[in-house]
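S.K.: Model the structure of this input:
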Amino acid sequence: MAPRWTCGIGDCDAAFDDVEAAIVHQTNDHQRHECKVCGTIVPDGYFAIRHAFDEHTRAEFVRAYDADSAAVRRREEIKGEIEAAADLQRVVEDLDRGV
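M.R.: Below you'll find the predicted structure:
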């Protein structure tokens, strides 16, 4: 069976059997992202998407990133899929352990 989760940052095609490993990879193996709305530095990938949509309005995201409604919907879908499948406590524990 092929891995279900891919990194998706830039041209990184790293693939993982579980979403938690993908999030840990994004956090540890990619540069941090500076939010264009508020300047906060966050891990790229899932955590950057989560920050954008939990901390800012969709309108702020669209203006700051010159995004359209399709880009917003796609990121909302990714966030929803990850949050439905992920054990975020495990992600935190893995990151704390330096996995």
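S.K.: Pop out the phi and psi values for the residue nearest in space to the middle of the chain.
M.R.: The centroid of the chain falls nearest to Tyr46 when counting by Cα atoms, centre = their mean (1.0 Å). Main-chain dihedrals, Tyr46, degrees, to the nearest 10: phi -50, psi -50.
S.K.: any idea of the pLDDT on it?
M.R.: The model reports Tyr46 with a pLDDT of 97.
S.K.: so how far is Leu88 from it?
M.R.: 9 Å (Cβ to Cβ, to the nearest Å). Every residue, glycine included, has its C-beta placed from N, CA and C.
S.K.: Give me the buried positions along stretch 38-53.
M.R.: Within stretch 38-53, the residues that count as buried by 16 or more other Cβ atoms under 10 Å are 42-52.
S.K.: wait, which of these is closest to Arg75?
M.R.: Of all the buried residues of stretch 38-53, Arg75 sits closest to Ile49, with 5.0 Å by Cβ to Cβ.
S.K.: OK, contacts around the closest one?
M.R.: When contacts are counted by Cβ atoms under 8 Å, 6 or more residues apart in numbering, Ile49 touches 75, 78-79.
S.K.: Pretty sure it sits in a helix.
M.R.: Yes: under DSSP: H, G, I helix; E, B strand; the rest coil, Ile49 sits within a helix.
S.K.: Would you agree Pro43 is in contact with Asp29?
M.R.: No: using Cβ atoms under 8 Å as the test, Pro43 is too far from Asp29 to be in contact (9.9 Å).
S.K.: okay, and the common contacts of the two?
M.R.: Counting by Cβ under 8 Å, 6+ apart, nothing touches both Pro43 and Asp29.
S.K.: what sits against Asp68?
M.R.: By Cβ under 8 Å, 6+ apart, the contact list for Asp68 reads Val62.
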